[in-house]
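Enquirer: Structure here, sequence nowhere to be found:
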DNA sequence: TGCGGTGTTCAAAGCGCTTTGGCTTTCGGG
DNA sequence: CCCGAAAGCCAAAGCGCTTTGAACACCGCA
């Protein structure tokens, strides 16, 4: 069933039917009712392709998520982020296009999206400290919102980020206040912007209380359980092991927990652990009471907010870039305690 | 830059330019070279909207993933599944559309997809035992492939599934062979098809060795860490606790592990645990050696295979439905051991 | 010289919608 | 009674592509 068929069936012109369905005023109430009814009855919906061709707007947003081919790692936070974003799209009648980009073809993907005009805007994920994408995106003229930031380039484009620096400074301070002096940070890959800011907050806070940062305690890697396990395992087996861990994600924290458990150490007593917590739907950090002491920043909400920002940008391309910095909440759970006196 | 502009710049007709770019034979080599070069230079790519309108194929596949509004649970396996599928799409020039469906508007989403003709096919996720979607999908005439199966309806449509029944029967048997007689299954939501099949395999295997299934040991719920923890916690605190657990996912297993740890029980010695393992990228069950004794079936591969099936179906709608049943591999890790003699 | 064949190119129609710019009809006010 | 405005509807153009059907030039061959 297409517009022509529907209008013939109704004995009206395509113009009138189109206007009736799109809520234009110059259609009588009686006619509009008839049209709307017939459309519902015949299950008619305008072809999205034809509609976008005619209007010039594709009513779709792309999310480009990087999946490095070398380790095929898909960051699990995307699932929840996307769920949050898609709520917004659904309400506004937008479709969501997902592009999985290997490091190699990242640039090609953005160019493609722009020149094929398949979407009205893009959400950019996983920005790096020094990222060629910023210039590319600006040159393409496609509205975009970044989840995170591009290193020092914090102006001239729209982004939403959590205050990684402050959050991790606060967590570090929380541990030093408990008497810990050897604190390890099990972080994400070093060139990821969020990881750099977290490392920054961590070493800044150590600095503030006069603790010299030990490079051996700062570990970068993919945000996997294995990275958490291996890092903690090696550190605990080495000389002068840390008494506390900071983890960049709950998945990493689980790995750390497994290593501690194996070493016969109890979290919150022998070893302390503070983790970042994206509040993933399948891994809530406790329902009423926190299990892990954690910095919480719900990524699903990030998705919702980014999507709203982008739609606003798309609706009014003249808008000056919007930025939004969210603070994480520190929730004290059962995985932290005073530093052991001696070991 | 559009086709008209490009062809004017080249002094050729749109027809010729289009044919040159699409590899039609009736264009001289010299002309084709000129056209291809100019297109690359001006960064021209045909508008996907116009192209699909003209060809009638939208060159896009939708994935409809259910996210029940009541608990907002996003199954983390989707991320890896989708990564696998999108490889295939990228190679064939397809886009991927993601629709997040609440229980309520599931039907509306499929109807919408079909009548707006925004995609050429659909991948259906999370089928239930008794699912109205099957009839709906068949009536819509949109090619589709189901990841899983719809209960007893295993014919007349294309699906890819793992052999849940056999896998869980095997795991159960593995545990009874170790002397366990009280085995709990911490499963997914009861009306999910995969959960039903797993429960089936489990109770079938118990039957075979003459153990009466205790309904108190079969627990259904969302596939969250919390579900694993709570289930194990309650069972271990109750009378006649199980000596072994079967978990329907690694996330659930982590919850079970936490409960055991809290109860002072060591996995593999005091309590045994076999889990299903989707081989998620961020949570590999060990690199060379398995951590958890597990039934492994890589969901990323499922994604790749489903996508290939669907593209084939789209290319040739006359094809008879394809089905594919994959066997899971049992890998023995450190979480299982003989049943304790007495407790 | 004429003719069919071949290789190369083009004009124009059509995909299913939106939207511009009329065209009628109705109605109230002078 | 006439006129202008307003309400309601429509034909046709246009969005950017593909594809049909035809044109044209050139060839070898009879």
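Expert: Happy to help now that I have it. On a predicted model such as this, the values are computed, not experimentally measured, just so you know. Residues are numbered from 1 along each chain as shown, chains lettered A, B, ... in the order given.
Enquirer: quick one: average confidence on stretch A:70-90?
Expert: Stretch A:70-90 shows a mean pLDDT of 91.
Enquirer: So it, near chain B or not?
Expert: Yes. Judged by CB under 8 Å from any CB of the partner chain, stretch A:70-90 and chain B are in contact via A:71-76, A:78-80, A:82-83, A:86-87, A:90. To be clear about C-beta, it is placed using only N, CA and C from the backbone, and glycine gets the same treatment.
Enquirer: Please identify the buried residues of that stretch?
Expert: For stretch A:70-90, burial by neighbour count (16 or more other CB atoms under 10 Å in any protein chain shown) applies to A:73-90.
Enquirer: Which of those fall in helices?
Expert: A:77-90 (DSSP state H).
Enquirer: Next, format those residues as a markdown table and append distance to DNA strand C.
Expert: Formatted as a markdown table, those follow (distance: CB to the nearest atom of the strand, whole Å):
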| residue | distance to DNA strand C |
| --- | --- |
| A:77 | 36 |
| A:78 | 32 |
| A:79 | 33 |
| A:80 | 33 |
| A:81 | 31 |
| A:82 | 27 |
| A:83 | 29 |
| A:84 | 28 |
| A:85 | 25 |
| A:86 | 23 |
| A:87 | 24 |
| A:88 | 22 |
| A:89 | 18 |
| A:90 | 19 |
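Enquirer: all strands for chain A, in order.
Expert: Counting by DSSP state E, one finds strands in chain A at the ranges A:60-66, A:95-101, A:121-124, A:144-147, A:158-162, A:183-187, A:218-220, A:244-247, A:272-277, A:293-296, A:323-326, A:329-331.
Enquirer: So which of these is the most surrounded?
Expert: strand A:244-247 (a mean of 30; mean count of other CB atoms under 10 Å in any protein chain shown).
Enquirer: Could you identify the most distant pair in the residues of stretch A:70-90 next to chain B?
Expert: Farthest-apart pair in those is A:71 and A:90; separation 32.6 Å (CB to CB).
Enquirer: any idea how far the nearest residue to residue A:92 once chain neighbours are set aside is from DNA strand D?
Expert: Spatially, and ignoring its direct neighbours in sequence, residue A:92 is nearest to residue A:311 (5.7 Å; CB to CB, 6 or more residues apart in numbering or on different chains). Distance, residue A:311 to DNA strand D, using CB to the nearest atom of the strand, to the nearest Å: 22 Å.
Enquirer: Could you tell me which residues of chain A lie near DNA strand D?
Expert: Residues of chain A found near DNA strand D (CB under 7 Å from any atom of the strand) are A:11-16, A:19, A:26-31, A:50, A:53-54, A:56.
Enquirer: Put the buried members of those into a PyMOL selection.
Expert: Entered in PyMOL, the line below selects the buried ones among these, by 16+ other CB under 10 Å:
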select buried, chain A and resi 12+16+19+27+50+53
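Enquirer: DNA strand C next: which of the residues of chain A next to DNA strand D are close?
Expert: Near DNA strand C, by the rule CB under 7 Å from any atom of the strand, you find A:14, A:15, A:19, A:50, A:53, A:54 out of the residues of chain A next to DNA strand D.
Enquirer: pLDDT value on the closest residue to the first one other than its chain neighbours, please?
Expert: Leaving aside its chain neighbours, residue A:14 sits nearest to residue A:7 (4.7 Å; criterion: CB to CB, 6+ apart). pLDDT for residue A:7: 94.
Enquirer: Residue A:7 is in contact with residue A:21, isn't it?
Expert: No. Taking CB atoms under 8 Å as the definition, residue A:7 is not a contact partner of residue A:21, at 10.5 Å.
Enquirer: circling back: quick check: the gap between the residue nearest to residue A:92 and DNA strand C.
Expert: Going from residue A:311 to DNA strand C by CB to the nearest atom of the strand gives 18 Å.
Enquirer: isn't that residue right next to residue A:94, touching?
Expert: Yes. Between residue A:311 and residue A:94 there is a contact at 7.0 Å, judged by CB under 8 Å.
Enquirer: what is in contact with those two at once?
Expert: With contacts taken as CB atoms under 8 Å, 6 or more residues apart in numbering or on different chains, the residues that reach both residue A:311 and residue A:94 are A:61, A:88.
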